[in-house]
Each structure stands twice: as structure tokens, then as C-alpha cells.
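Student: fold the following.
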Amino acid sequence: MASILRDDIDAVRERTRIDEIVGERVSLKKAGVGSLKGLCPFHDEKTPSFHVRPAIGRWHCFGCGEGGDAISFIMKSDGLPFAEAVEYLAGRAGITLRYESGGRRSEESGSGKKRLLEANKVAAEFFTEALGSPEAKIGRDFLISRGFEKEAAATFGIGYAPKGWTNLVEHLRRKGFTEAEIEASGVASRAQQSSGREARLFDRFRGRLVWPIRAVTGEVVGFGARKLEEDDDGPKYLNTPETALYKKSQVLYGLDLAKKAISSTRRVVVVEGYTDVMACHLAGVPTAVATCGTAFGEEHVRVLRRLLGDTERGPGAVLAQQTVSATRPEVVFTFDADEAGQNAALKAFQLESGFLSQTFVAIAPDGLDPCDLRLQRGDDAVAELVGSRVPLYEFVVKAALAGNDLETAEGRVAALRAAAPVVARIKDTALRPEYARQLAKWLGVEVDQVRSSVQAAQKALAESGRGRGQRGRPTPPDGESAPPAEGASAPAEPAPNPRDPVVRAEKMALEVLLQVPDSVEEAWVAPLDSEAFTVPQYRAVWDGIAAAGGVAQAQAAGSWVNRVVEEVGPTVAGVASELAVSPMPNHRPAEASRYARKCLAAVRDLALTRRIAETRGKMQRIGEGNVGYEEAFAEIVTLEAERRGLREE
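Tutor: Sure thing, here's the model as predicted:
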């Protein structure tokens, strides 16, 4: 995949208002001059620890340790890979992107996509307005029969497609869209005409209830329409065809509404239809999503992994992150209890290895889907259904047993052969022995016999390349070589102790260098070097500042911090981001300069004190009268004079 030019990425960062981007997803309040704060969207908290610094262009959560710029925020909150996050922000900022492979996203290409999005938006508004018409009473009655009032229809943007052949086509024409744009959006099709006659454009959806299908960013990319009358000879559900915007293997209905809850709770509930998503959300299960006219597949796995934070972390993960992520993400599938539902569960099991999350199945005992369950038994029953989930492995093992007669020796052997590979594929090796014991109990055979079969299945899977040992780790959720998310992993060293006065002094000095470089004179920084910082993470940030050219090269605060973050690399990016966003005392320019001088002088003072102590120890080891003693003594005199002058100043 072609990479976006670095200059264009920098332009996107510079022209993006991070407070606007974050403010659309997080309720922000003032937290002092130049700082905003709110509840973190990426973990559950009651006290705001999520800070945004608009002037710096950075955000950081002091609770979970996540942080970064506007691009990384969109990647994490909307589950987008790096390139798509940049393209989304570029579209908002009106920037045309160029690519390193020699290609260029031309004005026509960029504006073409924008026109299709506008056409879908106008179509969605047309359908929504039509739902209030007399003709649409059949659609309103259907919604009421399924337990959805007017407010619910408005929340999910449900509309109605009138019965006429060209109602929407004519509406879009009046709005200034060309026939090519209308057809490319997927809301219209070409009629087959006799030879020599031009094919006629007509509405794809007619006399149907319509659900807008939105991208994770909230833009309408397609529609799903349900037939309402028996004489409609079309399929029960008709979706937008594949277009430049709509890829059914990648979109999930309801994801735009569920993304915040998915990121914060680290759970997603996958249901089978639009009304099931609505029922779940209205019943207090806001993490529900559904596929759109296709089975759950590998592309959907990648989309959900990004939102769930379903990635492996390095052994040195930040302590705060370890605390927040103590529980693994969960994916809960809901299926009908019939044969089709069981087949869907088995297909999900084939994709299960793509997740690092724990996977579960929730099936109502009487086979009701979430919509019918809510209609018959109320909201609490839907929440109870999700709460009664069972591990996907358990469901698949029992499904394998169900097809065999366990009353006969032949049936038990056949069941063991069918179930052993399932147990062998369990990712968590600590769970395998427990499932082996459970399988032995369900079969009524000795545990050793089951263990032997599971071990044989593991060996067979490894040899065939289907075992986890051959596959290695799951592929990155982005499916491309995008830069790692900031804060994804941290240095192996433990987190600095904020109560340590040395740690506090070094932290304050780096905050000054990152946040107010224009208040720092180069002469104040010149006496400092890497050895002045004793905290390994802070020393790495200092080295990153030096590699970025030092404060003499700092211009706009946002671009300056971005350069430093890139220099320190992904393992220390979270630390640099935290330092760039940490609240600082509010000072006027002259006062800020004095504060900066004081912070830098404090680090220099500590460094001089350490050198004096080290040199005194060296003198003691040399001994008075021996070679080198006088030189060491002279060095102490010089260092103490420098420290005294620093303190007097």
C-alpha cells in the first residue's frame, strides 16, 4: 500500500483542531489555562483523568496511560488504521493527500468520494422525512409492532423509501447530483432497456423500511431496506451494492453508536440483524453491532480488534495500563438456536483464532433473538441473555458431542475425535487441562484418554500449519505496516515514582522543554546532557529532544512535540505525550521564562551535586598525596563554585 507523504501528514496534524475532534466524542471542560479534561473514553473512570492540550495538539489519560495526537485518537476511538485516520482528518481539513509511490489522490478522486457521501446523506434525509408520510404508515406500524417508538426510529435514522420508481432519483437531481454520482452511490440502478435505447435510472429501494448504514466515523455509506408487503417479490432485506464507500465485508451496523462503549468496556456483542442491534441498545446493551447482508468474516475481526484494543502488549507495559487491562476484551456472539444459528457459531469458531479476546456465545433457551426477547420479556431479559454467555469453546465442544450417541462406545470415540481438536485449539494453554477434564466428564471416559487425544490433535494441527505454533501471533489489526499506536508499550523500567524529588525535578524540566520551548534560552540548556537525567524514560525523552534539534529548532508547539515523539520511538512515546500534556502553572510570558529557568537550574543543581559526591568518593579511593588527588580536589572546587553561582542566580 502506498504511503502518504510525510509533509501531508504533518499538514493534517497542524490543521486539525484536536479539541474539536476529541470534543465530538468526549465531553470536555476547562482544566486551567490552555488545558481541557474529561472522562477517558478508553477505560471506565468516575474522576476525569483525560487531558487535552489544544495548543500542543496532544491528549493523554493519566489513568490508563494512553496518549497521542489527533491521528492516534481517531485510530483508537474509531478503530481505523493509520492511513484511514489520516485520510479522514484530511477530508475534514480540506487537504488533498499525496502518496510516496508516485500516485496522488487527485482533486477529482477526493471530491468524488465527498460527493458520494453527500449523496448518501441527502438520501438518508429523504428517507427519514418520507417516514412521516401517509404512505409510510405500514412502516411505522411495523416499527411499533417490533417495540420501536418514534424516538427510537429517530435515534437510528430509520426512514421509508416511497413506492415510486424515481422519487429519490429526481430528488437527488434537483439537489445537483449527476446521474453518474447517483448511480455510483448505490441508491439507484439502471433498468434494462431494449436495444438502442438508453438504460433508465430508477430507485433501488421502493416501498421499504430503510436503515442507514454508517461508517465508524458516522458518515452514511449505504442502506439496508426491509420489505413490508407480501407482493414485494424482492428479498426480505435488500442492501446497497458494493460501491467505493460501501464494502459489506468491512462495515458493521451500529458501530458508529457502539464504538465509545466498546472501547471503554472492551466488550462487543455481535447480533444478526438491524432490529436486534436496536433492541440491544435500547435495553442497555450499547455495544451491539451486526453485519450487513453477509456473514461475520475476517475483515470484521480486524475492525473489532482495533476498537477493543485487542493487541499484544510488551512485557514492560505501563503499570497503569496493566491495571486497566486486567481483564481481556470480550466478543459475544448471539445466534438463533436453530441449525442455521449453530452453523453460524461454528463459522465464528473458525475465525476465533483471529482474536486475542475471549469469545463467547449467548443463545436464549427458547431461541428468541434479542428483538423478540425484548418485545416479549422486556429490557432486562436482553441484558440477562448477554450475561448468560458461555465460552465459544464450550459451545462448539458440546455441538460436536451432540451429533453422536454417547451411550455407545463407538459414539463416545467418534465424539472424542470430533471434540479433541477443539480443545487443542484453545489459545489459553492454562484452560486446556480444564477443558480436557470437562470433556472427560461429558463423555464419561478417563481424563488420560482425553489428554492423549488432545495432544495428538495438537501435534496434527501443528504439522498441518493450522496450529497456533505454526501461525504465530495474530496479524496486526490494521493489516498494514502503520506506525504503532502511542502508549501501546512502554519501557521495561518501572514507572517513575512521582513522590521522588529528583523524579519531580526532571519531569518539570522536560515539561518546560516540550510545552513552552519559546520561554527557554539555549544557554540554559547547554550545560545539561543526558547524564543529568537519572530516570531512564526521562533520559530517553531528553535524547529525543536533542535528536529533534533541541529547543533552538522548536517552532509551533504541536509540531515540535510530534518531532520529539517520533525521535523517542513507540516505547517512550507515551511518556513524552504525558509530559507534553501534564498541567503546568499558569504564567505570563516573563514569569514563564523565570519558571523555565528555575526548572532547568534544578536539574543542573542535582547533576552537579551527584558529580561532587562522585568526585569526593574518587578522592577517598585515591588517597591524599597520591597521583590524581590534586586534580580531583580542583575539580570539586570548580563544581562547587558552579553550583554556588547557580543557586545565587
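
Student: any idea of the mean pLDDT in the top helix by length along the chain?
Tutor: The residue-count maximum for a helix in the chain (DSSP state H) belongs to helix 589-622. Averaged across helix 589-622, the pLDDT comes to 85.

Student: what comes up buried for whatever helix or strand comes next after that helix?
Tutor: Of the helices and strands lying after helix 589-622 in sequence (DSSP states H and E), the nearest is helix 629-648. Neighbour counts over helix 629-648 (16 or more other CB atoms under 10 Å) mark 629, 632, 635-636, 639, 642-643 as buried. All C-beta spots, glycine's among them, are computed from the backbone N, C-alpha and C.

Student: got the domain ranges for this structure?
Tutor: Per the record, the chain has its domains at 6-93, 109-239, 252-471, 501-648, by automatic domain parsing.

Student: same list (the buried residues of helix 629-648) but as TSV, adding pLDDT and distance to residue 516.
Tutor: Shown next, in TSV, are the buried residues of helix 629-648 (pLDDT from 0 to 100; distance: CB to CB, whole Å):
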residue	pLDDT	distance to residue 516
629	85	44
632	85	39
635	86	34
636	87	35
639	85	29
642	84	25
643	87	25
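
Student: now distance to residue 203 too, for those residues, in a markdown table please.
Tutor: Putting these into a markdown table (distance: CB to CB, whole Å) gives the following:
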| residue | distance to residue 203 |
| --- | --- |
| 629 | 97 |
| 632 | 91 |
| 635 | 88 |
| 636 | 89 |
| 639 | 84 |
| 642 | 82 |
| 643 | 82 |
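
Student: returning to that earlier point: how about the domains of the chain in JSON lines, adding distance to residue 495?
Tutor: Putting those into JSON lines (distance: least, CB to CB, whole Å) gives the following:
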{"stretch": "domain 6-93", "distance to residue 495": "9"}
{"stretch": "domain 109-239", "distance to residue 495": "32"}
{"stretch": "domain 252-471", "distance to residue 495": "5"}
{"stretch": "domain 501-648", "distance to residue 495": "8"}
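
Student: mean pLDDT lowest for which of the ones you listed?
Tutor: Among the domains of the chain, domain 252-471 scores lowest, with a mean of 80.

Student: next one: that one to chain centre, how far?
Tutor: Computed by CA atoms, centre = their mean, to the nearest Å, the chain-centroid distance of domain 252-471 equals 21 Å.

Student: quick check on residue 387: phi, psi?
Tutor: The phi/psi pair for residue 387 (degrees, to the nearest 10) reads phi -70, psi -20.

Student: oh sorry, the question was meant for residue 189
Tutor: The phi and psi values for residue 189, taken as degrees, to the nearest 10, are phi -130, psi 170.

Student: excluding its backbone neighbours, what's nearest it?
Tutor: residue 204 (5.1 Å; CB to CB, 6 or more residues apart in numbering).

Student: ok, the one you found touching residue 243?
Tutor: No - in this structure residue 204 lies outside contact range of residue 243 using CB atoms under 8 Å: 11.2 Å.

Student: what's the overlap in contacts for the two?
Tutor: Counting by CB atoms under 8 Å, 6 or more residues apart in numbering, the residues touching both residue 204 and residue 243 are residue 186.

Student: of the two, which one has the most company?
Tutor: Between residue 204 and residue 243, residue 204 has the larger neighbour count (other CB atoms under 10 Å), namely 22 against 16.

Student: show the contacting residues for residue 46.
Tutor: The neighbourhood of residue 46, defined by CB under 8 Å, 6+ apart, consists of residue 39.

Student: change it to 7 Å
Tutor: Contacts for residue 46 (CB atoms under 7 Å, 6 or more residues apart in numbering) come out as none.

Student: doesn't it lie inside a strand?
Tutor: No - applying DSSP: H, G, I helix; E, B strand; the rest coil, one finds residue 46 to be coil, outside a strand.

Student: and it, how far is that from residue 352?
Tutor: Residue 46 is 34 Å from residue 352, where distance means CB to CB, to the nearest Å.

Student: surely the residue nearest to residue 189 touches residue 188?
Tutor: Yes - between residue 204 and residue 188 there is a contact under CB atoms under 7 Å: 5.7 Å.

Student: contacting residues around stretch 509-524?
Tutor: By CB under 7 Å, 6+ apart, the residues outside stretch 509-524 that reach it are 56, 538, 541-542, 545, 551-552, 554, 557, 560-561, 564, 579-580, 582, 584, 589, 592-593, 596-597, 599-600, 602-603.

Student: quick one: the helices in the stretch 201-350 of the chain?
Tutor: Remark: helices assigned in the stretch 201-350 of the chain by DSSP state H, counting those that start in this stretch are 255-265, 274-282, 298-308, 319-324, 339-351.

Student: now do stretch 398-412: everything it contacts.
Tutor: With CB under 7 Å, 6+ apart as the test, stretch 398-412 has contacts from 342, 346, 414-415, 418-419, 422, 442-445.

Student: what does stretch 624-637 give?
Tutor: In contact with stretch 624-637 (CB under 7 Å, 6+ apart) are residues 612, 615-616, 618-619, 622-623.

Student: could you find the closest non-adjacent residue to residue 184?
Tutor: Ranked by CB to CB, 6+ apart and with sequence neighbours excluded, the top spatial neighbour of residue 184 is residue 116, at 6.0 Å.

Student: tell me the buried residues in the helix or strand harbouring the one you found?
Tutor: Following DSSP H and E, one finds residue 116 within helix 107-130. Of all the residues in helix 107-130, those buried under the rule 16+ other CB under 10 Å are 110, 115-120, 122-128, 130.

Student: and which of these is nearest residue 52?
Tutor: residue 117 (27.2 Å; CB to CB).

Student: ok, that closest one touching residue 218?
Tutor: No - counting by CB under 7 Å, residue 117 stays clear of residue 218, with 10.7 Å between them.

Student: and the closest residue to residue 229 other than its chain neighbours, what is it in contact with?
Tutor: With CB to CB, 6+ apart as the criterion, residue 229 has its nearest non-adjacent residue at 6.4 Å, and that residue is residue 207. The neighbours of residue 207, taking CB under 7 Å, 6+ apart as the test, are 161, 163, 228-229, 232.

Student: quick check, nearest of the residues you listed to residue 575?
Tutor: Of all the contacts of residue 207, residue 575 sits closest to residue 161, with 53.5 Å by CB to CB.

Student: show me what the closest one is bridged to.
Tutor: Beta-bridge partners recorded for residue 161 (DSSP bridges): residue 208.

Student: contact partners for it?
Tutor: So residue 161 contacts 127, 130, 203, 205-208, 210, 225 (CB under 7 Å, 6+ apart).

Student: check the gap between it and residue 229 for me.
Tutor: From residue 161 to residue 229 the distance is 12 Å (CB to CB).

Student: got the angle for the helix or strand just after the helix holding residue 116 vs helix 274-282?
Tutor: Following helix 107-130 in sequence order, the next helix or strand is helix 137-145 (DSSP H and E). Interaxial angle of helix 137-145 relative to helix 274-282 (axes from the mean of the first three to the mean of the last three CA atoms, to 10 degrees): 50 degrees.

Student: I'd like to know which elements helix 137-145 is packed against.
Tutor: Packing partners of helix 137-145 (3 or more CB pairs under 7 Å, 6 or more residues apart in numbering; DSSP states H and E): none among the helices and strands.
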